[in-house]
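[1] the sequence and its predicted three-dimensional model are supplied below.
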Amino acid sequence: MAEPRTLYERFAASAGTHPGRTALETDGRVLGYAQLRRLAEHTAARVLDALGGRRPERVGVLADRTVAAYASYLAAQRLGAAAVPLGPRVAPARLTAIARAAGLDAVLAEPDAAGVAGFPCPVLPFTEPEPAPEPAPGLAPEPAPGLAPEGLAALPAYEPRSDAVAYIVFTSGSTGTPKGVPVTQRNAAAVLDYAVDRYGIGPEDRVSQTFDLTFDPTAWDMFTAWSTGAALVVPARAELVRPARFIRERRITHWFSVPSVITYARRLRDLAPGSMPELRWTLFGGEPLTLDQAAAWQAAAPGSVLENLYGPTEVTVSCTQHRLPADPAHWPATANGTVPIGTPYPHLDALVLDDDGRPADEGELCLRGPQRFPGYLDPVENAGRFLRFDGRRATVHEGPGAPGPELYYRTGDRVRRGADGALLHLGRLDQQVKISGHRIELGDVEAALRSVDGIAEAVVSVRRAEGAEPALEAAYTGDAQDALTLRGQLAQRLPAYMLPRSFTHFDAFPLNANRKIDRRAVGALLSAQG
């Protein structure tokens with residue numbers, strides 16, 4: 001069996017075959033494959049020079065969807081190192097903690113971000129070789145002559161290893177300490193090979209890149225495009241709230257984002273029916289996609305195939321899919337008003353387990369297969385996260401060392417399997433709370449609130465005051481409504497113990513760096529109101 005191609009091998013093959021084609025459009029610049037490769041080689045050589053010729057194992061990338069970010073990410077791959085995305089707007093103390101946890105050998109940074117944190121390793125402000133590879137305005141990018149960076153030692157031969165770590169994403173840990181998720185080249189290859197084939201991506205295509213580098217779908221965007229000679233097209237933050245205009249003007253063929261984009265676009269009247277006639281593929285992931293959101297997008301892009309994706313970082317970007325039929329009359333009607341997350345990829349093994357670890361139609365989703373990561377960067381975090389299944393019942397694996405490939409990863413997500421086999425996401429297991437002895441899924445309350453006419457989005461949190469019984473508090477966007485009226489409508493859908501104590505209207509929910517609703521910030525705002 002042939003070894004899977006590494007991320008850099010994919011990019012380099014496209015650069016060799018399509019040197020003059022557009023590889024990247026971002027921040028007002030257009031770079032061809034040869035130009036971007038030259039920048040990556042130049043940057044990789046600078047890292048080697050700074051480290052005295054020593055190959056790094058892990059390289060931080062402190063940049064935000066600019067040329068510097070993408071060239072630096074590729075430079076890490078060229079060196080056979082793991083790329084570790086770092087957010088320039090992240091608090092310096094957290095950046096320092098991530099750098100220490102990752103054991104970074106060097107950080108490649110935007111020039112104006114190079115001094116934001118006290119990194120325990122060399123920090124190299126991004127530079128470009130002379131002359132800078134800028135194409136003439138309005139012209140297609142030209143191939144850059146030669147790939148060897150001048151004035152620096154020649155790069156050593158590239159030695160690909162499919163078992164090497166390709167990148168490390170840091171997620172929020174339950175203890176408040178960032179939790180490192182390493183993804184191997186083999187993990188990435190499994191999802192990329194499947195996605196490139198499924199979505200028919202080729203050299204003529206233009207793929208969106210809406211996620212920050214610290215969010216793992218960025219790797220999907222970059223390397224589905226760069227595996228095939230397609231263009232990666234990056235919207236500015238202001239363009240994200242008007243996706244139809246961006247897609248139309250930049251001739252996007254494949255769009256991938258969080259569903260929240262739809263809500264903001266509708267508020268700005270950007271999703272007029274038929275406004276995205278050339279879009280061929282639409283993918284949403286990262287948070288629940290409501291049927292109402294999907295209908296608005298489908299009307300604006302009637303020629304686009306629309307899929308809902310799901311996947312934790314630990315199973316490499318996405319691992320289930322649900323394709324909505326072209327005719328909304330054939331769409332599913334779900335209990336919580338969201339699009340199913342669908343069926344697992346055919347090369348993955350999935351289990352739905354009840355509280356006793358036995359297969360069931362409703363319970364926790366657990367996964368294994370070539371996309372499953374090798375275990376957390378800190379092995380302590382592996383405790384309780386993996387299961388061994390004997391064909392009848394699963395037991396928690398507490399053994400030392402890295403989890404073997406035969407183990408299932410516990411996603412912490414509760415799902416229900418429908419009659420057609422499609423999975424419906426019911427919320428996080430950690431969103432289950434107990435009030436007055438009753439177990440309550442916050443997602444169930446949110447779904448009921450979203451079903452009220454005029455309500456767009458909903459977040460329900462728990463208020464715990466000293467000496468008082470915990471109580472539910474609801475926040476919502478859409479039409480402002482009287483609290484008593486809202487409570488009365490919910491009382492027709494929910495038992496009394498599930499009714500929120502208060503209802504707060506927001507014009508718009510705060511979003512985190514990945515454009516997802518910042519639930520923690522919403523909860524803090526509710527608490528501040530007393």
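    Right, received. Where do you want to start?
[2] the bottom helix or strand of this protein by mean pLDDT?
    strand 432-435 (a mean of 68; mean pLDDT, DSSP states H and E).
[3] CA atoms of the top helix by length along the chain as PDB?
    Criterion DSSP state H: the longest helix present in the chain is helix 33-50. What follows is helix 33-50 as a C-alpha-only set of coordinates in PDB (Å, rounded to 0.1, in the frame of the first residue of the first chain):
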ATOM      1  CA  TYR A  33       2.000  28.600  -7.000                       C
ATOM      2  CA  ALA A  34       5.700  29.200  -7.900                       C
ATOM      3  CA  GLN A  35       5.600  32.500  -6.000                       C
ATOM      4  CA  LEU A  36       4.100  31.000  -2.900                       C
ATOM      5  CA  ARG A  37       6.500  28.100  -3.100                       C
ATOM      6  CA  ARG A  38       9.400  30.500  -3.300                       C
ATOM      7  CA  LEU A  39       8.200  32.400  -0.200                       C
ATOM      8  CA  ALA A  40       7.800  29.100   1.700                       C
ATOM      9  CA  GLU A  41      11.300  28.000   0.800                       C
ATOM     10  CA  HIS A  42      12.800  31.400   1.700                       C
ATOM     11  CA  THR A  43      11.000  31.300   5.000                       C
ATOM     12  CA  ALA A  44      12.100  27.700   5.700                       C
ATOM     13  CA  ALA A  45      15.700  28.600   5.000                       C
ATOM     14  CA  ARG A  46      15.500  31.500   7.500                       C
ATOM     15  CA  VAL A  47      14.300  29.200  10.200                       C
ATOM     16  CA  LEU A  48      17.200  26.800   9.600                       C
ATOM     17  CA  ASP A  49      19.600  29.700   9.500                       C
ATOM     18  CA  ALA A  50      18.300  31.000  12.900                       C
END
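[4] residues contacting stretch 97-104, please?
    Here stretch 97-104 makes contact (CB atoms under 8 Å, 6 or more residues apart in numbering) with 57-60, 84, 86, 107, 117, 119-121, 168, 170, 177-178, 180, 377-378. Backbone N, C-alpha and C define where each C-beta goes, glycine included.
[5] can you select the buried ones among the residues you listed for me in PyMOL?
    With 16 or more other CB atoms under 10 Å as the criterion, this PyMOL line picks the buried residues out of those:
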select buried, resi 57+58+59+60+84+86+107+117+119+121+168+170+178+180+377
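[6] which residues touch the helix or strand harbouring Arg416?
    Using DSSP states H and E, Arg416 falls within strand 408-417. Strand 408-417 is contacted from outside by 310, 312, 314-315, 341, 349, 351-352, 361-368, 372-373, 384-389, 394, 403, 423-430, 432, 441, using CB under 8 Å, 6+ apart.
[7] looking at the residues you listed, which are in strands?
    Of the positions in these, 310, 349, 351-352, 362-368, 386-389, 394, 423-428, 432, 441 sit in strands, assigned by DSSP state E.
[8] care to break this protein down by domain?
    1-156+165-187, 343-428, 436-528 (automatic domain parsing).
[9] and those domains: which comes nearest Tyr194?
    domain 343-428 (6.0 Å; CB to CB).
[10] got the end-to-end distance for the closest one?
    The first residue of domain 343-428 is 18 Å away from its last residue (CA to CA, to the nearest Å).
[11] just how off-centre is it within its chain?
    20 Å (CA atoms, centre = their mean, to the nearest Å).
[12] pLDDT of that domain, averaged?
    Mean pLDDT, domain 343-428: 94.
[13] measure the most centrally placed residue in the chain to Ala419 for me?
    Nearest to the geometric centre of the chain sits Pro217, at 3.7 Å (CA atoms, centre = their mean). Using CB to CB, to the nearest Å, Pro217 is found at 30 Å from Ala419.
[14] same deal with Pro288?
    Using CB to CB, which is the criterion applied here, Pro288 is 21 Å from Ala419.
[15] so those two - more neighbours on which side?
    Neighbour totals were compared for Pro288 and Ala419, and Pro288 leads with 25 against 6 (other CB atoms under 10 Å).
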